[in-house]
Structures are given as structure tokens and as C-alpha cells.
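Trainee: no sequence on this one, just coordinates:
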């Protein structure tokens, strides 16, 4: 698993959600992304296309998206190869 100090780590249901800011625009808004690890292997990479005024808001939003993705994966009968997509 990546141990980059720029990542914020959130343990969740046996997964590690590692979030960080991915984009800062000229007007000061920020976006975030997250790597989702299970058993030390990266299983998913999420990027938010939404911009936020504060970094803490961007990190919290991507963590919510990540935990919802994990919850859906745990409750879904299909657990292999989800198609990539942009998150709002």
C-alpha cells in the first residue's frame, strides 16, 4: 500500500481509503482523489470532478464517495471489474 505522507488514510470495513488533493485551480478551488486498498492491493482509484473552496471539504467528499463505493461493492452480487466512470 502507498505510504505517501500527502495521503489522508481512512480505514473502512477492512479497506484503506487513501485520499489527497489532486487539483488546485487558479481561483483557489480544489478537487480530490482516492486510492482504495484491500489486503494491501489497490482495487480502485476514484477522482472527483467537483471543485471545493476548501481542501477539507474535498477530502471529506471523496471519502464519502469511496465509502459508498465500498458499501455498494459489499452488497452487490457482482464484485469483479467495475467500469471506470467520473464521479459528480
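Mentor: Noted; the coordinates are in hand. Just so we're clear, the structure is a prediction, and the values are computed from it rather than from any experiment.
Trainee: use CA for all of it now, contacts and neighbours both
Mentor: Will do.
Trainee: for the protein, which segments count as helices?
Mentor: If DSSP state H is used as the criterion, the helices of the chain fall at 55-75.
Trainee: most centrally placed residue in it?
Mentor: Centroid check for the chain by Cα atoms, centre = their mean gives residue 34 as the closest residue, at 2.7 Å.
Trainee: run through the chain and note the low-pLDDT ranges.
Mentor: 1-4, 77-88 (pLDDT under 70).
Trainee: and the strands in it, which stretches?
Mentor: Taking DSSP state E, the strands of the chain run over residues 8-12, 15-24, 30-38, 41-47.
Trainee: look up how far residue 75 lies from the nearest residue to the residue nearest to the centre of the chain once chain neighbours are set aside.
Mentor: Ranked by Cα to Cα, 6 or more residues apart in numbering and with sequence neighbours excluded, the top spatial neighbour of residue 34 is residue 19, at 4.1 Å. Noted for residue 19: a distance of 23 Å to residue 75, by Cα to Cα, to the nearest Å.
Trainee: more crowded one of these two?
Mentor: Ranked by neighbour count (other Cα atoms under 10 Å), residue 19 and residue 75 place residue 19 first, with 26 against 9.
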